[in-house]
Each structure stands twice: as C-alpha cells, then as structure tokens.
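Asks: Got a sequence here, can you model it:
(one chain, ligands or ions: 1)
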Amino acid sequence: MKTILTLLVIFFLQGESKLTIEKQWVRVSAEGTNTAFFFDIVNQTNKADTLYDVKSEVAEITEIHESYKIDGKMGMRKIQNIVIPANSTFNLKPRSYHIMLIGLNKDINANEEVELTLFFKQAGEVKIKGFARTM
Ligand SMILES: [Cu+2]
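Replies: Here you go, the predicted model:
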C-alpha cells in the first residue's frame, strides 16, 4: 500500500512539470509614459517553449524587447520572440530582456498590481500579475 502511494505521489509530481512564471514585477511609471515588466520564465518541461506575444490592458502597445550596447550606449529594440530551452530558466531583467509597456493609459503606482498576458507556443495563454516597484 505504501509503495502504491509513493508511486502515485511520484506520478503526480512528474505530472506537475510545467512552465511557470516567477519573481514578476513592473516598474512604477506615470500615465502617458512607458515602463517595463520583468520576470523569470521557468520551463520545467522536456520541451523548448517560445514566448511569441504579450498583451496588457494598461498600455497602448505591449512588446517583447531586448537591450543592447553599442559604443558604450545602451539601446533597446523589439524582438519577435523568446525561446526558453527545455529544463531551463530565462530571466527578464533591467538592462536585458523585458516586456515593454508603451503609452500607459494610467499611472502605475508602487505596490499596485498589474496584469500581463503571455502567449507561449506550448504552454498557451498565461496570465500573470506583478506588483509595481521602483527598482
Ligand atoms: Cu524596451
């Protein structure tokens, strides 16, 4: 009986292997300006996944961005997608990959919760909420 229970637990845990979002937060900003959303994508599955679209109610335009450095100057640009290899974590963070919220239709104040919808090829639609902070 104990063996069966153990097997069931192992089976359940394996069934739980999936893609999750962790440490999500958004930078405080004012209406009419831009801001960025950051998080970790934890892919615990045995398949690579691709983040290919993002949507937010609080911004006019929402894009996947990367940062780059040319001649000591930082810039950023839109990219089509982010590929998360199997069994790996992808970090979106300041001065690196981020979700750009362009043309905010409201103020985003500290500790306010902001919703973001992510679209993955494997995991499908994933809604997340992140608290706003300054850094
Ligand atoms: Cu950006």
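Asks: In contact with residue 100, which residues are there?
Replies: 34, 36, 61, 62, 63, 64, 65, 76, 78 (C-beta atoms under 8 Å, 6 or more residues apart in numbering). Where C-beta positions appear, they are placed from N, C-alpha and C, glycine not excepted.
Asks: wait, what's in contact with the third one?
Replies: Applying C-beta under 8 Å, 6+ apart to residue 61 gives the contacts 100, 101, 102, 103.
Asks: Residue 58 is in contact with the last one, correct?
Replies: No. Contact criterion C-beta atoms under 8 Å: residue 103 and residue 58 do not qualify, at 9.5 Å.
Asks: More neighbours: which of those two?
Replies: Set residue 103 next to residue 58 and count neighbours by other C-beta atoms under 10 Å: residue 58 wins out with 21 against 13.
Asks: restrict the contacts of residue 100 to contacts with the ion.
Replies: Contacts with the ion within those, counted by C-beta under 5 Å from the ion: 65, 76.
Asks: filter the contacts of residue 100 to the buried ones?
Replies: Among these, those scoring as buried are 36, 62, 63, 64, 65, 76 (criterion: 16 or more other C-beta atoms under 10 Å).
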